[in-house]
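Novice: pasting the sequence and the predicted model now:
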Amino acid sequence: MEGIEIIEKEKTPKGGKREGSGRKPSIDLLATKEVKTRIAELWVDLCDQYAIPYYVGVMQGTEEVSPDIKFKVGNDILNRALGKPKERHEHSGPDGEAIKTENLNGPEVDKIRSQYEAELKKLIIK
């Protein structure tokens, strides 16, 4: 055909990296350690500037709140000033004794096992 120029399309490779494709980076990935540290410092400053004076007002009675709120506020102030205490978990056997692990096949375990097996048989027979 006269007057029409045929332009061949350039073939694109299959697969591989393409400009603008893929998951976009989140703010966590974009923020550097220094930026995250600065954000944390600003948050602490805001708490010191607004929350602590409010808490003190609650404890001094200028804010009318229930006693349980006062207790929670006092607890928050102590945690902020002294740091939150570590939680302790104590595990013990009957009467506060140490848990014995050498005899795991006692009569109680056998009783539970036989009950479980009986229930299992009932389900299988149905």
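Specialist: On my side now, so go ahead.

Novice: in this protein, which spans are helices?
Specialist: Secondary structure of the chain (DSSP state H): helices at 27-30, 33-46, 52-60, 67-82, 107-125.

Novice: number of nearby residues for residue 56?
Specialist: Counted with other CB atoms under 10 Å, the neighbours of residue 56 add up to 13. Quick note: C-beta positions are derived from backbone N, CA and C, even for glycine.

Novice: so how far is residue 20 from it?
Specialist: Distance from residue 56 to residue 20, counting by CB to CB, to the nearest Å: 53 Å.

Novice: low-confidence stretches in the protein?
Specialist: The chain contains residues with pLDDT under 70 at 1-3, 6-16, 27-31, 101-104, 126.

Novice: for the helices of the chain, give me CSV that also has distance to residue 92.
Specialist: Output for the helices of the chain, formatted as CSV (distance: least, CB to CB, whole Å):
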stretch, distance to residue 92
helix 27-30, 42
helix 33-46, 40
helix 52-60, 37
helix 67-82, 27
helix 107-125, 18
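
Novice: what about stretch 25-42, how long is it end to end?
Specialist: Stretch 25-42 has an end-to-end distance of 24 Å (CA to CA, to the nearest Å).

Novice: er, stretch 40-60 actually
Specialist: 29 Å.

Novice: just the residues contacting that stretch, thanks.
Specialist: For stretch 40-60, contacts defined as CB atoms under 8 Å, 6 or more residues apart in numbering pick out 63, 65, 69-70, 73-74, 76-77, 80.
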